[in-house]
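Trainee: show me how the following folds:
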Amino acid sequence: MYSMIDILHIPARPNARIACDMSAAGDSPEQRLDEYGRLFADALIDRERRDRAVALVFRADPRIRATVEDLARREAACCPFFDYRVETISEKHVWTITNPINNNDRGAAEAMLEIFYELPDYASAASEGLRERLAARGVQLVEEPVARPE
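Mentor: Here you go, the predicted model:
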């Protein structure tokens with residue numbers, strides 16, 4: 001049995017750039033999508049699009065919880081403008097991704113939430129489709145380190 005105290009919360013980083021920055025990630029977009037595809041096929045039982053948030057619901061299992069927490073930490077590293085919360089409620093693991101942005105960047109962040117909501121529909125597809133969906137919504141996918149001006 002799980003306890004409500006069992007919560008992972010990674011708050012949004014204020015003023016973070018609205019981009020999916022995987023330049024420092026230990027995996028590629030393709031590898032991440034493959035992992036999502038396996039997780040969704042194995043354990044996703046529901047998803048919900050809420051006002052300014054997406055909730056992905058997984059069956060309760062310690063291995064699934066560990067995978068969800070690991071993905072949440074990696075997503076927080078590449079998309080730190082969101083608030084991430086993983087908790088166990090009524091024998092289900094619930095991963096909630098929330099958009100706390102209130103400025104002009106809110107629309108771009110909402111577009112990213114739509115990507116998270118739609119992810120179960122195409123996670124096993126080629127990552128090029130992801131790039132196209134992000135670009136169509138005005139969100140950049142960064143895979144190489146961005147050169148810093150000297």
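Trainee: okay, CA-based contacts and neighbour counts for the rest of this
Mentor: Will do.
Trainee: how about the strands of the chain, start to end?
Mentor: For the chain, the strands defined by DSSP state E cover 7-10, 20-21, 44-50, 53-59, 83-89, 92-98, 141-142.
Trainee: give the other helices and strands that the third one contacts.
Mentor: For strand 44-50, the helices and strands in contact under the criterion 3 or more Cα pairs under 8 Å, 6 or more residues apart in numbering; DSSP states H and E are strand 53-59, helix 106-122.
Trainee: ok, back up a step: out of the strands of the chain, deepest packed?
Mentor: Most buried of those by mean neighbour count (mean count of other Cα atoms under 10 Å) is strand 92-98; its value is a mean of 24.
Trainee: now the angle from that one to helix 106-122?
Mentor: 150 degrees (axes from the mean of the first three to the mean of the last three Cα atoms, to 10 degrees).
Trainee: would you mind finding the most buried of the helices and strands packed on strand 44-50?
Mentor: Using mean count of other Cα under 10 Å, the stretch among the helices and strands packed on strand 44-50 with the largest mean neighbour count is strand 53-59, at a mean of 21.
Trainee: run through who's touching that one.
Mentor: 43-49, 64, 91-99, 113, 116-117 (Cα atoms under 8 Å, 6 or more residues apart in numbering).
Trainee: now with 7 Å?
Mentor: Contact with strand 53-59 is made by 43-49, 92-99, 113, 117, as judged by Cα atoms under 7 Å, 6 or more residues apart in numbering.
Trainee: show me what that strand pairs with in its sheet, parallel or antiparallel.
Mentor: Partners of strand 53-59 in the sheet, by DSSP bridges, are strand 44-50 (antiparallel), strand 92-98 (antiparallel).
Trainee: that strand vs strand 83-89, what angle?
Mentor: Using the same axes, to 10 degrees, the direction of strand 53-59 lies 40 degrees away from that of strand 83-89.
Trainee: quick one: mean pLDDT over strand 53-59.
Mentor: Mean pLDDT, taken over the full extent of strand 53-59, equals 98.
Trainee: swap in stretch 109-119?
Mentor: Stretch 109-119 comes out at a mean pLDDT of 90.
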